[in-house]
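In: Please find the sequence and the predicted model below.
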Amino acid sequence: MGIFYHTGLIQGTDEWLAARCGLLTASEMKKVLTPTLKLADNADSRGHVYELLAQRISRFVEPSFISDDMLRGHEDELIARSLYSERYAPVEEVGFVTNDRWGFTLGCSPDGLVGTDGMIECKSRRQKYQVQTIIDDAVPPEHWMQVQTALLVTEREWLDYVSYSGGLPMVTIRVYPDAKTQAAIVAAAAAFEARIVGLMEAYQGNVGRSGRYIPTERRVEQEMHV
């Protein structure tokens, strides 16, 4: 199928969560691949394997805590996108994008598409990080995997990284696909996917062989999880 644009989805809705359910996405690639482009093997990467595996089994995404920073970030994203549209080019919103050309599916949730070739990724930053980004004039390392994965999934020619902090200048940094990083992303994602498939087989084998596993029903209300 290749690239598929889920244009009817609104980010954050139940439908959007359902589209992402069980998929490795751009925002989580930093858990899979280290800054030195090595396959991650730590608590975060192992936890994410089981998180996506559980989603594929249950077809359910557990609710997560929404912090004040996340709420502020959503509002700042709207402002940043509007300022970008006024200054540079119109932005088209899209809920989710998937690409399965590697034999497995990767996804991303762009903050906007620009024409047929570009896209944007908006970040709400604390002022100390905004000042640092302006001085460095480069995408922060913690966001590099996300923007490269988004470019990989969409196969677009460029991405404008928009860093916003109210009261300070908004900065836009253009990013192009990096072949070395993207090759490492594909390799790491393939290994990650293979691990999920192997664990799925183990799960199904155990459940199918034993009568100790008693089916349960999910409660409608949100639950607290440890």
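Out: That came in fine, so what should we check first?
In: Grab the longest helix from the protein for me.
Out: As assigned by DSSP state H, the longest helix anywhere in the chain is helix 179-209.
In: what about the strands in this protein?
Out: Using DSSP state E, the strands of the chain run over 3-6, 24-25, 96-99, 106-108, 112-114, 118-124, 158-164, 171-175.
In: Would you mind putting the ones you listed into a markdown table with mean pLDDT, distance to residue 61 and mean neighbour count alongside?
Out: For the C-beta atoms, the positions are set from N, CA and C on the backbone; glycine is no exception. Below are the strands of the chain laid out as a markdown table (pLDDT from 0 to 100; distance: least, CB to CB, whole Å; neighbours: other CB atoms under 10 Å):
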| stretch | mean pLDDT | distance to residue 61 | mean neighbour count |
| --- | --- | --- | --- |
| strand 3-6 | 93 | 15 | 14 |
| strand 24-25 | 96 | 12 | 22 |
| strand 96-99 | 96 | 13 | 22 |
| strand 106-108 | 97 | 13 | 23 |
| strand 112-114 | 96 | 23 | 21 |
| strand 118-124 | 96 | 22 | 23 |
| strand 158-164 | 97 | 26 | 22 |
| strand 171-175 | 97 | 29 | 16 |
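In: Dump these into JSON lines; add distance to residue 198 as well.
Out: Formatted as JSON lines, these follow (distance: least, CB to CB, whole Å):
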{"stretch": "strand 3-6", "distance to residue 198": "26"}
{"stretch": "strand 24-25", "distance to residue 198": "15"}
{"stretch": "strand 96-99", "distance to residue 198": "23"}
{"stretch": "strand 106-108", "distance to residue 198": "19"}
{"stretch": "strand 112-114", "distance to residue 198": "36"}
{"stretch": "strand 118-124", "distance to residue 198": "32"}
{"stretch": "strand 158-164", "distance to residue 198": "33"}
{"stretch": "strand 171-175", "distance to residue 198": "34"}
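In: Distance from the chain centre to the least confident helix or strand in the chain by mean pLDDT, please.
Out: The weakest-scoring helix or strand in the chain, judged by mean pLDDT, DSSP states H and E, is helix 68-87 (a mean of 85). Relative to its parent chain, helix 68-87 has a centroid offset of 18 Å by CA atoms, centre = their mean, to the nearest Å.
In: and the closest residue to residue 123 other than its chain neighbours, what does it touch?
Out: For residue 123, ignoring the flanking residues on the chain, the nearest one in space by CB to CB, 6 or more residues apart in numbering is residue 163 at 5.3 Å. Neighbouring residues of residue 163 by CB atoms under 8 Å, 6 or more residues apart in numbering: 123, 125, 130, 133-134, 170-173.
In: Quick check: which ranges of this structure have low pLDDT?
Out: 65-71, 73, 220-226 (pLDDT under 70).
In: Work out which residue lies at the spatial centre of it.
Out: Taking CA atoms, centre = their mean, the centroid of the chain lies closest to residue 27, which sits 2.6 Å from it.
In: contacting residues for residue 121?
Out: 110-111, 143, 146-147, 150, 159-162.
In: Out of those, which is nearest to residue 81?
Out: Proximity of these to residue 81 (CB to CB) peaks at residue 111, which lies at 6.2 Å.
In: shouldn't the residue nearest to the centre of the chain be in contact with residue 110?
Out: No. Contact criterion CB atoms under 8 Å: residue 27 and residue 110 do not qualify, at 11.0 Å.
In: Look up which residues are beta-bridged to the closest residue to residue 75 other than its chain neighbours.
Out: With sequence-adjacent residues excluded and distances taken as CB to CB, 6+ apart, residue 75 is closest to residue 124, at 7.9 Å. Note on residue 124: beta-bridge partners residue 164, judged by DSSP bridges.
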